[in-house]
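1. need a structure here:
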Amino acid sequence: MSSDHVWMADFSSDSRTTVGFIDDIREKSFERWSEFVQIAGRGDPWPADEFPRMIWADDDWSDKRLAKERDVITGTVAPLVSAAVVEALSGIDIGPSRLVPTEVFFSDRQRRTEKRYFQFHITPRLTAIVPEQSQNLRYDSMHRTYSAHSAKTDDLAVSREAAGALKIWTAGEMISQHFFSDEVVQALKKAKLARPFQLTRCRLV
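-> Coordinates of the predicted model:
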């Protein structure tokens with residue numbers, strides 16, 4: 001990477017983007033859905049043609065959240081991003097990560113959102129944080145994971161060697177945290193779409 005920075009994206013830190021969903025995989029097979037949650041949810045590979053094709057809000061509260069039609073919202077497992085986000089990233093090689101088109105409906109399963117949404121499956125899963133060069137990083141010995149919800153600009157150090165040429169990946173040693181290269185973030189900023197991703201700049205070392 002030519003930049004000296006990458007960016008941590010925390011999709012779950014903005015409660016306004018939280019929507020409760022049900023999807024067609026869960027409706028057909030709870031066992032298969034559970035497998036999907038465990039594997040794809042932690043950033044491991046999952047076939048694009050086996051992602052949910054239809055998801056819908058599960059109650060009135062979720063309907064109200066979904067009615068805002070934001071550019072980034074939670075999904076059943078992978079976060080949902082709008083077609084505008086996909087367009088912003090269209091000129092960037094996102095590697096093995098996928099943007100899977102998905103029909104998104106309100107709880108009546110009749111009204112579809114005006115915006116077109118994609119499930120953003122971020123992969124691969126990398127262990128790239130350098131703890132000894134980071135600040136505001138907490139270690140959970142029971143689960144063997146780190147958390148950095150209070151991290152500020154450049155508090156976290158990320159291994160340039162571990163990240164390699166990847167522009168998007170998910171953190172193997174952190175929960176619900178993903179990383180974007182500076183190129184990805186600049187494309188989002190240019191399209192005025194960066195804010196919903198709750199980005200924190202991190203140092204490459």
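2. what segments of the chain are strands?
-> All strands of the chain, identified by DSSP state E, fall at 5-9, 21-23, 54-57, 72-73, 80-82, 98-105, 117-121, 125-126, 138-140, 145-147, 157-158, 168-171, 178-181, 199-204.
3. relative to residue 90, which of the ones you listed is closest?
-> Distance to residue 90, taken as C-beta to C-beta, is lowest for strand 98-105 among the strands of the chain, at 9.5 Å. Every C-beta, even on glycine, is put in place using the N, C-alpha and C of the backbone.
4. let me have the strands of the chain in JSON lines, extended by mean neighbour count.
-> As requested, the strands of the chain are arranged in JSON lines below (neighbours: other C-beta atoms under 10 Å):
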{"stretch": "strand 5-9", "mean neighbour count": "23"}
{"stretch": "strand 21-23", "mean neighbour count": "21"}
{"stretch": "strand 54-57", "mean neighbour count": "22"}
{"stretch": "strand 72-73", "mean neighbour count": "23"}
{"stretch": "strand 80-82", "mean neighbour count": "24"}
{"stretch": "strand 98-105", "mean neighbour count": "19"}
{"stretch": "strand 117-121", "mean neighbour count": "24"}
{"stretch": "strand 125-126", "mean neighbour count": "18"}
{"stretch": "strand 138-140", "mean neighbour count": "11"}
{"stretch": "strand 145-147", "mean neighbour count": "17"}
{"stretch": "strand 157-158", "mean neighbour count": "21"}
{"stretch": "strand 168-171", "mean neighbour count": "24"}
{"stretch": "strand 178-181", "mean neighbour count": "24"}
{"stretch": "strand 199-204", "mean neighbour count": "20"}
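5. in JSON lines, list the ones you listed along with distance to residue 31 and mean pLDDT.
-> Supplementary listing: the strands of the chain in JSON lines, determined by distance: least, C-beta to C-beta, whole Å; pLDDT from 0 to 100:
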{"stretch": "strand 5-9", "distance to residue 31": "30", "mean pLDDT": "95"}
{"stretch": "strand 21-23", "distance to residue 31": "14", "mean pLDDT": "93"}
{"stretch": "strand 54-57", "distance to residue 31": "18", "mean pLDDT": "96"}
{"stretch": "strand 72-73", "distance to residue 31": "26", "mean pLDDT": "94"}
{"stretch": "strand 80-82", "distance to residue 31": "24", "mean pLDDT": "96"}
{"stretch": "strand 98-105", "distance to residue 31": "21", "mean pLDDT": "95"}
{"stretch": "strand 117-121", "distance to residue 31": "20", "mean pLDDT": "95"}
{"stretch": "strand 125-126", "distance to residue 31": "23", "mean pLDDT": "90"}
{"stretch": "strand 138-140", "distance to residue 31": "29", "mean pLDDT": "83"}
{"stretch": "strand 145-147", "distance to residue 31": "26", "mean pLDDT": "81"}
{"stretch": "strand 157-158", "distance to residue 31": "36", "mean pLDDT": "95"}
{"stretch": "strand 168-171", "distance to residue 31": "24", "mean pLDDT": "92"}
{"stretch": "strand 178-181", "distance to residue 31": "27", "mean pLDDT": "95"}
{"stretch": "strand 199-204", "distance to residue 31": "36", "mean pLDDT": "95"}
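6. lovely, talk soon.
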